[in-house]
Structures are given as structure tokens and as C-alpha cells.
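> I'd like to go over a predicted model; first the sequence, then the structure.
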Amino acid sequence: MLELIDVLTPDGHPTRIRKPKTEVHRTGAWHRAAHLWILTPSEVLLQKRADAKDNWPGWWDVSVAGHVSAGETALETVVRETREELGLTVDANEIRHVGTLTEQCVLNDGAYIDNEIHEIFVTRREVDLSALVLDPLEVADVALVAIDEARTWRVVPSSLRSLDLVC
């Protein structure tokens with residue numbers, strides 16, 4: 001299925017242009033992504049990115065992340081992505097927006113240009129790792145880690161920046 005993304009200006013305003021996700025990253029068009037940090041009373045849920053991912057394969061990352069699809073809100077994205085990536089249902093009412101960050105990076109010898117505006121969310125809840133249903137195309141593994149310890153893991157750099165907003 002072709003995933004369309006709303007193209008933004010560098011300051012996050014809509015352009016009314018929609019492009020396929022692959023084109024967005026090929027051309028470096030600005031777009032929105034959403035991150036959800038799932039915190040327990042003492043730990044944070046990290047996910048290990050699947051080896052087949054185009055960016056940061058095999059790295060540990062935010063609990064849930066995804067591109068905001070065309071016409072979708074960032075909050076709708078984290079609810080959808082949590083279900084798709086982890087098999088976990090979260091209610092929009094239990095999620096809190098904590099900030100916005102921008103990221104610019106070039107990966108894969110210039111073939112993947114990432115100009116993203118990240119909307120950062122947090123939810124606090126207990127998590128039973130054995131009950132999660134991981135999407136193998138997205139997530140290789142999950143772990144509950146003490147927040148201070150998470151900073152020592154091989155975590156995607158932009159995710160470490162967003163973790164600072166929630167802690």
C-alpha cells in the first residue's frame with residue numbers, strides 16, 4: 001500500500017502537497033513524525049528496530065514511532081502505531097504531548113534524507129512484555145530499561161533527545 005505523507009515547510013506549516021513516503025525521504029521534504037514514550041513507574045520501554053528498516057536498522061529506539069500519514073494527526077499516529085508495532089491498545093486520553101523537536105540527517109550514502117518534525121508524546125502504564133505482539137517488519141525486540149541506563153544503550157540519537165523531554 002502506498003503511504004502518502006503531508007509535506008511541510010521547514011517550520012511545520014502544511015504545503016498542501018502529499019508525496020509517497022519513499023519520495024519524501026529521497027528528496028528530503030519536511031514532514032511530521034510522532035514518538036510515544038511508554039514509561040512504567042521505574043522504566044522506559046525501548047524497541048529494537050528491525051534489521052530491514054531503511055533508517056537506523058538494529059538500533060534501539062523510542063517505544064513507538066511512525067510517520068504521520070496524510071490527513072492524520074500526530075496523536076492518531078501514535079495510537080495507530082502502538083497497535084501496529086506492539087499489538088498494544090492505548091487510548092488517546094492516556095497520552096500527553098510533551099514537545100516538538102526537529103531532526104535533519106542524511107543516511108545510506110545520501111539515499112535517505114530525513115527532515116522531520118517530531119511530535120513527542122508520553123504515557124505512563126505497566127507493560128507486560130510477554131503480552132506484546134511485535135510486528136517483525138518493524139520491531140526486532142523490546143526491553144524495559146531504567147531511564148538512566150537507556151542513555152547508555154545504542155539508541156537512535158534523535159530518540160535520546162526526545163527522551164530528555166519526557167524525563
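Right, received. Where do you want to start?
> remind me, longest helix of the protein?
Using DSSP state H, we find that the single longest helix of the chain is helix 74-86.
> direction included, what does the helix or strand just after it pair against?
Using DSSP states H and E, the helix or strand that follows helix 74-86 in sequence is strand 96-107. According to DSSP bridges, strand 96-107 has the following sheet partners: strand 112-124 (antiparallel).
> for the most centrally placed residue in the chain, give me its contacts.
What sits nearest the mean C-alpha location of the chain, by C-alpha atoms, centre = their mean, is residue 65, with 1.8 Å. With C-beta atoms under 8 Å, 6 or more residues apart in numbering as the criterion, the residues that contact residue 65 are 33-36, 81, 159. Just so you know, the C-beta spots here come from the backbone N, C-alpha and C atoms, and that holds for glycine as well.
> looking at this, it is in a strand?
Yes: read with DSSP: H, G, I helix; E, B strand; the rest coil, residue 65 is one of the residues of a strand.
> gap between it and residue 155?
As judged by C-beta to C-beta, to the nearest Å, residue 65 and residue 155 stand 12 Å apart.
> where's the spatially closest residue to residue 151 that is not a sequence neighbour relative to residue 126, distance?
Once flanking residues are discounted, residue 151 sits nearest to residue 160: 6.4 Å by C-beta to C-beta, 6 or more residues apart in numbering. Distance of residue 160 to residue 126, computed by C-beta to C-beta: 24 Å.
> understood, closing this out.
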